[in-house]
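Undergrad: Please find the sequence and the predicted model below.
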Amino acid sequence: MMQPVLQVSNVGKAYRQYSSELARVLNWFGLSTKPATETWVLRNVSFAIAAGQAVGIVGQNGAGKSTLLKLITGTQRPTEGTISVNGRIAAILELGMGFNPEFTGRQNVYHSAGLMGFSKSEIDSVVLAVEEFAEVGDYFDQIVGTYSSGMQMRVAFSVVTAFRPEILIVDEALSVGDTYFQHKSFNRIREFQEKGTTLLLVSHDRSAIQGLCDRVILLDKGSVIKDGEPEAVMDYYNALIADKENSRVQTRQLENGKTQTISGTGEAQVVELILTNAKKEVAELIGVGEEVTLSVKVKAENNLPKLVLGYMIKDRLGQTMYGTNTWHTGQVISDVSKGSILTYNIKFLMNLGPGTYSISTALVSTDTHLDNNYEWRDLAHVFTVINVDKTHFGGSAWLDPYIEVKLQDSIL
Amino acid sequence: MQGLVLSTWRYRYFIVSSIKVEFRSRFIRSRLGGLWMIIHPLVQAAIFALILGQLLSGRLPDMADNRLAYPIYLLAGTLGWNLFSEVISRCLTVFIDNANLLKKLVFPRTCLPLIVAGSALVNNMLLFAAIVLIFLLLGFVPGVHLVWIPLLTLINLGLSLGLGLILGTLNVFIRDIGQIVPIVLQLGFWFTPIVYAPNILPERIARLLQLNPMYWIIQGYQNAILYNAPPSWTALSVISAIAVVSLGLSFVIFRRANSEIVDVL
């Protein structure tokens, strides 16, 4: 591994409360007064990130994500341990921080770039690029008070990314604004990444994390509980969200090297899952557009008031291609008695592009797995789609086209 | 320490731009904008001149026959006190007012007091210019000892910045300080010979007032402007030492408190 740009070693952060504020002041001068209460929000956090890596940080609310980010950016100090950063950090956390609504976009650009530590001449050299990237037109020289929130976001994003940082921290903040600008800003982030910027992405959006990151760190109750390849960590995280009392999370290594996660109370279980092709044969290879049947056999290990089967087809990066459940299709089974076995036959056309895919199943009582999670099984089945008889195409969906071409005589 | 100076230097553009922004936004908000910062002390001085003028104008030492002596004396004291109280009261809330910036962004914390000092200095310079203009209109020409004003301003600024930052840091944790200090400042105004001359007080009380560092600084302003005399050098060197110590102390306290300030804000 190259010299890390970010090294977090044994970091802990405690918020201290003293019996009185005077005791706190005395404490600065070494007059030992023990804090009345110490709340540790982070403990023993260690990891190193190399230049150019894209790392997702996930965790439930209160897991310590924001605190960790504050420590990395340096607005807060760790109580113990050290954080060393090699280079400049830019954070797209609080876009438009320090914007003054009484000043024009241009004046605010100067001021907030100054706040990032740049000099007049450095800002002069990028202000035109900022104006062009933001694409707010004449509004750039009007006061920010007249901007829509989307326009303010555009200008703010353009300033923060006017200079390429060594580390870029991206928060959910990016999900605001219009789709056009979202795409534009994601492109800029990718460009930075290609030039060697390290990316730290904090999000609950699984597809954003798996689309951008090559590594995910999962925080829970203030410490790192998983750190590794995105798909496996996200599956584990997903299982963790559903983790309740009587629930268990188990992971096992599959033959293809992937990690399977099974979680839930176990009150219902998938005992068999087969995918058959049009000829009713069990097949690992499926042709594009072929009619297939997914047969799932479920056993109730307990008396269940309601039972819903859900399934998801994911590509090799773990992005969901399609998913639904029998709650949405209006096929909820009520009062399932202990020991009964149900078989679901799901017939559909495999309109996916060539590639490998996995199937995850969920046995729940309503439309989400957060209420009653009987069983959640990731990577329950893996299959490959190949293009047998269709015209060559790229992408992950088969959108059977009809292309009409007309040649008109030139008028000139 | 060297790193701190260097990183603050890197942010010089931000400091200057913040001071400018502060002035510009005052002019955007009100028609007379920054001028209000001058009008306030001038009106205050005018009120004192009107009400106490008859009573006190004959009591200034060696100035019994000068009709203008009392208004000039008042303006000199106002110039010094105004800088002191402005810096103290702004430092008192500087961290609380900028809580958002401190919580969200990383920049050398030394920028904040420098912005306060810079904008207070600009205000004070404008006030000084206005006072000089008034003098010229009244037909009074200050003497050569006016050259001590920049030195007095510097010591005044150092002292108020040091005290203000100690109080400002503590105020983040103990908010009562923010309530007490304005009262103490008001008392301080009357415990410093600004609207009266110390010689009208009983000997014992006048001696007590000399323990107040501002007594000597304000006297320096009055000497330089009205009496055309140098300040008291012994007193001034003691006060400079106090200013340096308080600046150093404020730095140490801030260093210790720094990691907890953001936690509490």
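TA: Happy to help now that I have it. Residues are numbered from 1 along each chain as shown, chains lettered A, B, ... in the order given.
Undergrad: wait, what's in contact with A:Gln53?
TA: Taking C-beta atoms under 8 Å, 6 or more residues apart in numbering or on different chains as the definition of contact, the neighbours of A:Gln53 are A:Thr198, A:Leu199, A:Asp214, A:Arg215. The way it works is simple: take the backbone N, C-alpha and C, and place the C-beta from them, glycine included.
Undergrad: ok, of those, which come out buried?
TA: By the neighbour-count criterion of 16 or more other C-beta atoms under 10 Å in any protein chain shown, the contacts of A:Gln53 include these buried positions: A:Thr198, A:Leu199, A:Arg215.
Undergrad: surely A:Ile92 meets A:Ile167?
TA: No: applying C-beta atoms under 8 Å as the test, A:Ile92 and A:Ile167 come out as separate, 11.6 Å apart.
Undergrad: if we can go back for a sec, so which of the buried ones among the contacts of A:Gln53 belong to strands?
TA: When DSSP state E defines the strands, the subset of the buried ones among the contacts of A:Gln53 inside them is A:Thr198, A:Leu199, A:Arg215.
Undergrad: which one of those is nearest chain B?
TA: Proximity of these to chain B (C-beta to the nearest C-beta) peaks at A:Thr198, which lies at 16.7 Å.
Undergrad: so A:Asn44 sits in a helix?
TA: No: membership of A:Asn44 in a helix is not supported by DSSP: H, G, I helix; E, B strand; the rest coil, which gives strand.
Undergrad: which residues touch it?
TA: A:Asn10, A:Val11, A:Gly12, A:Gly81, A:Ser223.
Undergrad: okay if I get these as JSON lines plus neighbour count and distance to chain B?
TA: Putting those into JSON lines (neighbours: other C-beta atoms under 10 Å in any protein chain shown; distance: C-beta to the nearest C-beta, whole Å) gives the following:
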{"residue": "A:Asn10", "neighbour count": "12", "distance to chain B": "17"}
{"residue": "A:Val11", "neighbour count": "21", "distance to chain B": "13"}
{"residue": "A:Gly12", "neighbour count": "17", "distance to chain B": "13"}
{"residue": "A:Gly81", "neighbour count": "17", "distance to chain B": "13"}
{"residue": "A:Ser223", "neighbour count": "17", "distance to chain B": "20"}
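Undergrad: Can you say which two of those are spatially most distant?
TA: Using C-beta to C-beta, the pair of those lying farthest apart is A:Gly81 and A:Ser223, separated by 12.1 Å.
Undergrad: Give the intersection of the neighbour lists for the two.
TA: In terms of C-beta under 8 Å, 6+ apart, A:Gly81 and A:Ser223 are both contacted by the residues A:Asn44, A:Val45.
Undergrad: near chain B, which of the ones in strands among the buried ones among the contacts of A:Gln53 show up?
TA: The subset of those within reach of chain B, counting by C-beta under 8 Å from any C-beta of the partner chain, is empty.
Undergrad: my guess is A:Trp55 meets A:Thr198, correct?
TA: Quick fix: residue A:55 is Val, not Trp. Yes: under the criterion of C-beta under 8 Å, A:Val55 lies in contact with A:Thr198, with a separation of 7.4 Å.
Undergrad: which residues do those two both contact?
TA: Shared between the contact lists of A:Val55 and A:Thr198 (criterion: C-beta under 8 Å, 6+ apart) are residues A:Ile49.
Undergrad: pLDDT added to the contacts of A:Gln53, as a markdown table?
TA: Rendered in a markdown table, the data for those read as follows (pLDDT from 0 to 100):
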| residue | pLDDT |
| --- | --- |
| A:Thr198 | 87 |
| A:Leu199 | 85 |
| A:Asp214 | 85 |
| A:Arg215 | 87 |
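Undergrad: Other residues contacting stretch B:130-137?
TA: By C-beta under 8 Å, 6+ apart, the surrounding residues in contact with stretch B:130-137 are B:Ile38, B:Leu42, B:Ile72, B:Leu75, B:Ala76, B:Leu79, B:Val141, B:Pro142.
Undergrad: Helix or strand next in line after the helix or strand bottoming out on mean pLDDT in chain A, which one?
TA: Sorting the helices and strands of chain A by mean pLDDT, DSSP states H and E puts strand A:248-253 at the bottom, at a mean of 67. Note on strand A:248-253: by DSSP states H and E, the next helix or strand toward the C-terminus is strand A:259-264.
Undergrad: List the pairing partners of that following strand within its sheet, with orientation.
TA: The strands beside strand A:259-264 in its sheet (DSSP bridges) come out as strand A:248-253 (antiparallel), strand A:373-386 (antiparallel).
Undergrad: which of these has the lowest average pLDDT?
TA: Between the strands paired with strand A:259-264, the one with the least mean pLDDT is strand A:248-253; it has a mean of 67.
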